[in-house]
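Q: Quick check, what structure comes out for this input:
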Amino acid sequence: MKTLLGDAAPSGNPQPAGEVLSIRGGRPLSGRIEVKGAKNLVTKAMVAALLGETPSTLRDVPEISDVGVVRSLLEVHGVRVDDGDEEGTLHFDPSGAVAAHFEEIDAHAGASRIPILFCGPLLHLLGEALIPDLGGCRIGDRPINFHMDALRAFGAVVDKSYEGIRITAPNGLHGANIALPYPSVGATEQVLLTAVRAKGTTELRNAAIEPEIMDLIAVLQKMGAIISYEPNRVILIEGVDALQGYDHRAIFDRNEAASWACAALATDGDIYVGGAKQQEMLTFLNVFRKAGGSFDVHEDGIRFRRGDAPLKPVTVETDVHPGFMTDWQQPLIVALTQAHGQSVVHETVYENRLGFTAALVQMGADIVVHPHGIDAADRRVPRRALEQAAVINGPTPLRGADVEVPDLRGGFSYVIAALAAQGESTVSNVGIIRRGYEKFLPKLDALGADVDVIG
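A: Sure thing, here's the model as predicted:
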């Protein structure tokens, strides 16, 4: 690999999304890489630092552009953010927190949807929160009404204008009884970050219970919050008058670990993912093994590779935790193009997340997307009106092509496909991948990939 570019700097200046890679495939990926803290925890724990009356320290922070965005947003609001002596450590001092303008927030938010999670902490701290138009990956509607409804339940007043959304709490925030229509991760985080300082008790029903949610609860408990998880997706939060800072090492990024595992499966490689843990990946590991993959669990990571027999077809239904994550299906589909037989992936979380398969078809895959899903007698996840299904017939040899990254997980999946394909591929707009994959180009280099940055 030549001309490697650095990853997003901690100061929040990500590389441009328009980067272009030239990838020559056909080589098995082999070697060891390390994963740090989960994007889906780290960025939320950074926001939680606003709630503390004393400084906080977060460890195992990955150098990804989403972290840079949140750092910039914190600094715009007067939070001092410093790098620690240990790599991947950030210190936060919220004592100088101040209000920011729509234009400042919008300028630093970029494509991130994180600003909406600033609402609760800013309402407690400053009495006002401003939210510009939200970005994020183009994988579905991802409505913010769950967030707004929850904030209103706490007593917030939501006003919309041409600039964005202004949220105030003229009478303060109080505990609430909230039932989510769907166990949304973002809405659960919103409730947690708001309820910990609200007056009284909050009961959240149908909550998300992903490992990253539980790690955020651990962060808040370290700060002095009183939070209990009860059966049937119920979380109780007793509001407290004040919170202190935290010192926390983030849970590992299971989405990145699963992506590298699928890369090993697709390229017939052998990848040791340092930092990966078995417990948080049980559901993925079962599917990985059923598809013909082999793995060895060690104290400091998991080794992923193909088994001795050809890859086998599987049927997968994405779902909220503890189900098979929607973030796992995209890289897995690339590997399933090499399985002997017909695989089916039912996507039940986001309505547009199978659009990325069009480029795989361009590369030679046999994939048919059913835009309204598929009925099946053995379905275990309840059907949703928005769901789709992909039917993958294999094995089909993949060939090099020119493709453009559509979103974070789809983008990394294109890189896997290009690495598994014969010939040369050009993958553009790869800067999006930096939102959630730390040092992914140096990691590819360490695994023996033949990749150049050409633009």
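
Q: next structured bit after the helix or strand that contains residue 189?
A: According to DSSP states H and E, residue 189 maps onto helix 185-195. Where DSSP H and E defines the elements, the next helix or strand beyond helix 185-195 is strand 201-205.

Q: and the angle for the helix holding residue 189 with strand 201-205?
A: 170 degrees (axes from the mean of the first three to the mean of the last three Cα atoms, to 10 degrees).

Q: Which strands or helices does helix 185-195 pack on?
A: Applying 3 or more Cβ pairs under 8 Å, 6 or more residues apart in numbering; DSSP states H and E, one finds that helix 185-195 contacts helix 39-48, helix 119-126, helix 145-153, strand 201-205, helix 211-222, strand 234-238. The way it works is simple: take the backbone N, C-alpha and C, and place the C-beta from them, glycine included.

Q: Nearest approach to residue 454 belongs to which of the ones you listed?
A: Among these, the nearest to residue 454 by Cβ to Cβ is helix 39-48 (26.8 Å).

Q: Next, the angle from that closest one to helix 211-222.
A: If you take the same axes, to 10 degrees, helix 39-48 sits at 20 degrees to helix 211-222.

Q: now helix 39-48, how far from the chain's geometric center?
A: Chain-centre distance of helix 39-48: 11 Å, with Cα atoms, centre = their mean, to the nearest Å.

Q: Output it as PDB, nothing but the C-alphas.
A: Provided in PDB are the C-alpha atoms of helix 39-48 (Å, rounded to 0.1, in the frame of the first residue of the first chain):
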ATOM      1  CA  LYS A  39     -18.200   4.600  18.200                       C
ATOM      2  CA  ASN A  40     -21.800   4.100  19.500                       C
ATOM      3  CA  LEU A  41     -20.600   4.400  23.100                       C
ATOM      4  CA  VAL A  42     -17.700   6.800  22.900                       C
ATOM      5  CA  THR A  43     -19.600   9.600  21.200                       C
ATOM      6  CA  LYS A  44     -22.400   9.400  23.800                       C
ATOM      7  CA  ALA A  45     -20.000   9.200  26.700                       C
ATOM      8  CA  MET A  46     -18.400  12.400  25.500                       C
ATOM      9  CA  VAL A  47     -21.800  14.100  25.600                       C
ATOM     10  CA  ALA A  48     -22.400  12.700  29.100                       C
END
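
Q: From the contact counts, what lies against it?
A: For helix 39-48, the packing partners by 3+ Cβ pairs under 8 Å, 6+ apart are strand 56-59, helix 65-76, helix 185-195, helix 211-222, helix 254-267.

Q: at 10 Å what do you get?
A: With contacts defined as 3 or more Cβ pairs under 10 Å, 6 or more residues apart in numbering; DSSP states H and E, the packing partners of helix 39-48 are strand 56-59, helix 65-76, strand 90-93, helix 119-126, helix 185-195, helix 211-222, strand 247-249, helix 254-267.

Q: how big is the angle separating that helix from helix 254-267?
A: Using the same axes, to 10 degrees: helix 39-48 against helix 254-267 is 160 degrees.

Q: list the contacts for the residue nearest to residue 218 when sequence neighbours are not counted?
A: Leaving aside its chain neighbours, residue 218 sits nearest to residue 248 (7.1 Å; criterion: Cβ to Cβ, 6 or more residues apart in numbering). Residues near residue 248 by Cβ atoms under 10 Å, 6 or more residues apart in numbering: 37, 41-42, 45, 48-49, 56-60, 215-216, 218-220, 222-223.

Q: Could you do residue 342 as well?
A: By Cβ under 10 Å, 6+ apart, the contact list for residue 342 reads 313, 314, 315, 336, 366, 391, 392, 393, 394.

Q: do the same with residue 215
A: By Cβ under 10 Å, 6+ apart, residue 215 lies in contact with 37-38, 40-42, 44-45, 248-252, 280.

Q: Apply 7 Å and report the result again.
A: 41, 250, 251 (Cβ atoms under 7 Å, 6 or more residues apart in numbering).

Q: Tell me the pLDDT of it.
A: Per-residue confidence (pLDDT) for residue 215: 98.

Q: Closest one of the contacts of residue 215 to residue 155?
A: Comparing these against residue 155 with Cβ to Cβ places residue 41 closest, at 27.8 Å.

Q: Was I right to think the closest one contacts residue 249?
A: No - with contact defined as Cβ atoms under 7 Å, residue 41 does not count as touching residue 249 (10.4 Å).

Q: Please say which of these two ends up with more neighbours.
A: For residue 41 versus residue 249, neighbours defined as other Cβ atoms under 10 Å are more numerous around residue 41 (26 against 15).

Q: Give me the spatial nearest neighbour of that one, chain neighbours excluded.
A: For residue 41, the nearest residue in space outside its immediate sequence neighbours is residue 212; the separation is 4.2 Å by Cβ to Cβ, 6+ apart.

Q: same deal with residue 315?
A: In space, and not counting its chain neighbours, residue 315 is closest to residue 344: 4.7 Å by Cβ to Cβ, 6+ apart.

Q: and the one you found, that's in a helix?
A: No - applying DSSP: H, G, I helix; E, B strand; the rest coil, one finds residue 344 to be strand, outside a helix.

Q: Tell me, how many residues neighbour it?
A: Residue 344 sits with 17 neighbouring residues when counted by other Cβ under 10 Å.

Q: what about it, distance to residue 330?
A: 15 Å (Cβ to Cβ, to the nearest Å).

Q: okay, and for the protein, where does confidence drop off?
A: Along the chain, segments meeting pLDDT under 70 span 1-18, 110-112, 133-143.

Q: Quick check: closest non-adjacent residue to the most far-flung residue of it relative to its centre.
A: Ranked by distance from the centre of the chain (Cα atoms, centre = their mean), the top residue is residue 171, with 34.6 Å. Once flanking residues are discounted, residue 171 sits nearest to residue 155: 5.8 Å by Cβ to Cβ, 6+ apart.

Q: residues near the one you found, how many?
A: 19.

Q: all helices for the stretch 301-450 of the chain, in order.
A: Secondary structure of the stretch 301-450 of the chain, counting by DSSP state H, counting those that start in this stretch: helices at 326-336, 357-362, 408-420, 440-446.

Q: out of those, which comes closest to residue 118?
A: Nearest of those (Cβ to Cβ): helix 408-420, 21.0 Å.

Q: hang on, residue 388 packs against residue 374?
A: No - Residue 388 is beyond contact range of residue 374, at 9.0 Å (criterion: Cβ under 7 Å).

Q: For the two, indicate the residue with more neighbours.
A: Using other Cβ under 10 Å, the more surrounded residue of residue 388 and residue 374 is residue 388, with 22 against 15.
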